[in-house]
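Engineer: My questions are about this predicted structure, shown below with the sequence.
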Amino acid sequence: MQFIDFKAEHFSKNEERNDYFIEISKDEIGFGTIEVHKRQDYESLSEAEYELEEDINKVTIKMKEPADIRVNF
């Protein structure tokens, strides 16, 4: 399984929904299963609370607060 790490500053704020999101191209991560983990500290990760929206070209990860995350695909 491969992964990409994102920092909290990569997230954008949705003012209408009062949440944060990041969009990832399917060209980058492919079309398989996606898992999102929140970084606790330098070495440890935990399950993140998130919503996932997919369309043919991209995946959108939505969270209540921005965080450093790892996206496994």
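Structural biologist: Received, thanks. Bear in mind the structure is a predicted one, so any value in this text is a computation, not a measurement.
Engineer: use CA for all of it now, contacts and neighbours both
Structural biologist: OK.
Engineer: end to end, how far does stretch 12-23 reach?
Structural biologist: Taking CA to CA, to the nearest Å, the first and last residues of stretch 12-23 lie 9 Å apart.
Engineer: same deal with stretch 13-31?
Structural biologist: Terminal-residue distance, stretch 13-31 (CA to CA): 25 Å.
Engineer: residues near the residue lying closest to Phe21 once chain neighbours are set aside, how many?
Structural biologist: Spatially, and ignoring its direct neighbours in sequence, Phe21 is nearest to Lys62 (4.3 Å; CA to CA, 6 or more residues apart in numbering). Applying other CA atoms under 10 Å, we find 21 residues neighbouring Lys62.
Engineer: I would like the residues contacting the strand or helix carrying Val71, please.
Structural biologist: Following DSSP states H and E, one finds Val71 within strand 69-72. The contact list for strand 69-72, computed with CA atoms under 8 Å, 6 or more residues apart in numbering, reads 1-8, 34-39, 48.
Engineer: And these, which of them are buried?
Structural biologist: Among the contacts of strand 69-72, the ones that count as buried by 16 or more other CA atoms under 10 Å are Phe6, Val36, His37, Lys38, Arg39.
Engineer: What are the boundaries of the strands in this protein?
Structural biologist: 3-6, 12-14, 19-25, 35-39, 45-47, 51-54, 58-63, 69-72 (DSSP state E).
Engineer: need these in a markdown table with mean pLDDT, can you?
Structural biologist: What follows is the strands of the chain, written out as a markdown table (pLDDT from 0 to 100):
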| stretch | mean pLDDT |
| --- | --- |
| strand 3-6 | 96 |
| strand 12-14 | 98 |
| strand 19-25 | 97 |
| strand 35-39 | 96 |
| strand 45-47 | 95 |
| strand 51-54 | 96 |
| strand 58-63 | 97 |
| strand 69-72 | 97 |
